[in-house]
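K.L.:
coordinates only, no sequence provided:
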């Protein structure tokens, strides 16, 4: 049995190994972009049912940004919305037989967390300049600067470790149960894995909003929801 | 556990590209259409508000116009009442005038008709009275009555002027003695003798009858006629009655 912690290259592009997670990510990207282009090709003021569903998704993301960050949602919509949609689709891609979700591998989750880390710096500098962003480390007191710097790094690790642990553990448990019990026994676990995948996508996106909100200097964000997990570590 | 830095880089780039493409093909268009719909809805609301205000203004104007209608209607009604009262009084005066004229005309016509009726009834009553008298007198044509009428004839001749009697005596044409009933020979001889004595000399007399005389004896000549009968008396009475009525 191949360890779920290992990323096995499928092929190489020169020196670059292409793993299954990367290929799956490309597939997800293709589906999302093609689907988006198809949906937004004929947008009308009197929306169809399909258009209404996607408008509801956009409205939900905007409302979440407003409630969490207390800022106009437009600059943050694409980043946070895409994080949620990608993680959600990636987590649920395990429903397709033979497909392993990219978020079950450490590199993908680390890439997402790295993007959140960079986005925090980017949005913070854009909102208050370099000085304004650096001042956020001195709140509530300058003596907190080392702790705040350490926190900005550790929370990034926490972010991708949480996602990786939850998704990887789900895939791992289903693989074990499937190898031991047969065809239909893992179905409840797969349903639970879907629920956890959706929740983790939501948590990741909301935490990203909270981190960015702290850097932008808006109001104190509400406490991040407690991750609900049936297995693994939050 | 292994960690592939190449994969980390590729996935980072993949997600950045995905964020960019979805921003271009999904988030921006969908948010744009939502914004456009909200703008349209806001515009519709603003238009509806403006329409509502306009409708309220129009309603107020209609109410004002209706109030004007009421005042105008009251003024028209008042003017109509005044005109009607004026026309009514004028027509009443005209009607009273016409009634007065009609009444006067009717009274005059009634008076004329009454007078004509009175005249007609008087005439008819005179005729009726004469007729009644004629019928009554016709029953009195006996010998005594004949003698009385002969006496009255003699008296009438005696009352004539002498020149008239002389002329009558000289007259060659006989007088016609007319009676209502025929006279027998004795009566004719007696009458001729008495009449001659009345003229003062013999005169020629022929006899004839005329039932219209009722009773009596008249003497008719070319230039002299002595009326002596009920008919002549009744005619004379009727003429006097008419003369009295006319008077």
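P.N.:
Everything's here; your move. Since the structure is predicted, the reported quantities are computational estimates derived from the model, not experimental observations.

K.L.:
any idea how far the spatially most central residue of chain B is from residue B:110?
P.N.:
With distances taken as CA atoms, centre = their mean, the residue of chain B nearest its centroid is residue B:102 (9.3 Å). Distance, residue B:102 to residue B:110, using CB to CB, to the nearest Å: 12 Å. For the C-beta atoms, the positions are set from N, CA and C on the backbone; glycine is no exception.

K.L.:
name the element residue A:24 belongs to?
P.N.:
helix A:20-39 (DSSP states H and E).

K.L.:
anything in whichever strand or helix holds residue B:16 near chain A?
P.N.:
Counting by DSSP H and E, the element that carries residue B:16 is helix B:5-22. Yes: Helix B:5-22 comes into contact with chain A (CB under 8 Å from any CB of the partner chain), by way of B:5-12, B:14-22.

K.L.:
got the angle between that helix and helix A:20-39?
P.N.:
Here helix B:5-22 runs at an angle of 0 degrees relative to helix A:20-39 (axes from the mean of the first three to the mean of the last three CA atoms, to 10 degrees).

K.L.:
buried set for helix B:5-22?
P.N.:
By neighbour count on 16 or more other CB atoms under 10 Å in any protein chain shown, the buried set for helix B:5-22 is B:6-8, B:10-12, B:14-15, B:18-19, B:21-22.

K.L.:
what ranges does chain B have for its strands?
P.N.:
B:175-179, B:205-209, B:217-220, B:225-226 (DSSP state E).

K.L.:
which of these sits closest to residue A:99?
P.N.:
Closest of these to residue A:99 is strand B:205-209, at 172.1 Å (criterion: CB to CB).

K.L.:
so what strands line up beside the closest one?
P.N.:
Strand B:205-209 has the following strand partners under DSSP bridges: strand B:175-179 (parallel).

K.L.:
do you know how far residue B:190 is from residue B:150?
P.N.:
The gap separating residue B:190 from residue B:150 is 8 Å, by CB to CB.

K.L.:
for chain B, give me the ranges with low pLDDT.
P.N.:
Along chain B, the parts satisfying pLDDT under 70 run over B:1, B:141, B:245-247.

K.L.:
how about the residues of it by chain A?
P.N.:
Counting by CB under 8 Å from any CB, the residues of chain B close to chain A are B:1-12, B:14-23, B:25-34, B:36-37, B:40.

K.L.:
how far off centre is the longest helix anywhere in chain A?
P.N.:
If you go by DSSP state H, chain A has its longest helix at helix A:145-181. Centroid separation for helix A:145-181 versus its chain: 12 Å, with CA atoms, centre = their mean, to the nearest Å.

K.L.:
do stretch B:52-68 as well
P.N.:
Centroid separation between stretch B:52-68 and its chain, computed with CA atoms, centre = their mean, is 60 Å.

K.L.:
cool, stretch A:95-106 as well?
P.N.:
That offset, for stretch A:95-106, works out to 14 Å (CA atoms, centre = their mean).

K.L.:
measure it end to end?
P.N.:
Stretch A:95-106 stretches 20 Å from its first residue to its last (CA to CA, to the nearest Å).

K.L.:
does that stretch reach chain B?
P.N.:
Yes: contact between stretch A:95-106 and chain B, assessed by CB under 8 Å from any CB, occurs at A:102, A:105-106.

K.L.:
give the buried residues for that stretch.
P.N.:
Using 16+ other CB under 10 Å as the burial criterion, the residues of stretch A:95-106 that qualify are A:100-106.

K.L.:
take those and write them to JSON lines, including secondary structure and pLDDT.
P.N.:
Listed next are the buried residues of stretch A:95-106 as JSON lines, based on DSSP: H, G, I helix; E, B strand; the rest coil; pLDDT from 0 to 100:
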{"residue": "A:100", "secondary structure": "coil", "pLDDT": "86"}
{"residue": "A:101", "secondary structure": "coil", "pLDDT": "90"}
{"residue": "A:102", "secondary structure": "helix", "pLDDT": "92"}
{"residue": "A:103", "secondary structure": "helix", "pLDDT": "91"}
{"residue": "A:104", "secondary structure": "helix", "pLDDT": "89"}
{"residue": "A:105", "secondary structure": "coil", "pLDDT": "89"}
{"residue": "A:106", "secondary structure": "helix", "pLDDT": "89"}
